[in-house]
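Asker: need the 3D shape of this:
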Amino acid sequence: MALEHLTQETFKSKVFNFEANSEWKFEGERPAVIDFYADWCGPCKMVAPVLEELATEYKGKIDIYKVDTEAERELAGMFQIQSIPSILFIPVEGQPAMAKGAMPKDSFVKAFSDVLKVDLD
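Answerer: Residues are numbered from 1 along each chain as shown. As a prediction, this is how the structure comes out:
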């Protein structure tokens, strides 16, 4: 399952319209995860298949997106991405949480439960 890549435009409609709001206001209907990555990044390549697997398992419960930090420098700058992969967990209510570095699948599942309040039951 290919994950949707966000551009600045789709980011504004699906995640956060930073032009209309100065305070965080999530535009999505389901919790979301954004993988900030680059094609040359080794650890990013390790995370990609894990996220695709999770996108299938959590289909309809969580939206998982990717942002290419090389192509979308402004989005990367907005979240002060300095190391990749950086994974942004966005609950429907409340502030998003950022995790840095490649995480194993069970860490994602824990974050989905703890931060996004989504379990597979």
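
Asker: helix, strand or coil for the spatially most central residue of the chain?
Answerer: For the chain, the residue nearest the mean C-alpha position is residue 34 (1.1 Å; Cα atoms, centre = their mean). Under DSSP: H, G, I helix; E, B strand; the rest coil, the three-state class of residue 34 is strand.

Asker: please enumerate the strands of this structure.
Answerer: 4-5, 32-37, 63-68, 86-90, 97-100 (DSSP state E).

Asker: let me have these in CSV, extended by distance to residue 14.
Answerer: Just so you know, the C-beta spots here come from the backbone N, C-alpha and C atoms, and that holds for glycine as well. Formatted as CSV, the strands of the chain follow (distance: least, Cβ to Cβ, whole Å):
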stretch, distance to residue 14
strand 4-5, 8
strand 32-37, 8
strand 63-68, 7
strand 86-90, 10
strand 97-100, 18
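
Asker: tell me the contacts of residue 90?
Answerer: If you count contacts by Cβ atoms under 8 Å, 6 or more residues apart in numbering, residue 90 has them with 15, 26, 28, 31, 32, 33, 34, 96, 116.

Asker: state the distance from residue 47 to residue 29.
Answerer: Separation of residue 47 from residue 29 (Cβ to Cβ, to the nearest Å) stands at 25 Å.

Asker: thinking again about what came up before, what's across from the closest residue to the residue nearest to the centre of the chain other than its chain neighbours in the sheet?
Answerer: Excluding the flanking residues, the one nearest residue 34 by Cβ to Cβ, 6 or more residues apart in numbering is residue 88, at 4.3 Å. Beta-bridge partners of residue 88, counted by DSSP bridges, are residue 34, residue 98.

Asker: quick one: neighbours of the nearest residue to residue 117 once chain neighbours are set aside, just the number.
Answerer: Distances taken as Cβ to Cβ, 6+ apart put residue 91 closest to residue 117, at 6.4 Å, once the chain neighbours are dropped. Neighbourhood size, residue 91 [other Cβ atoms under 10 Å]: 16.
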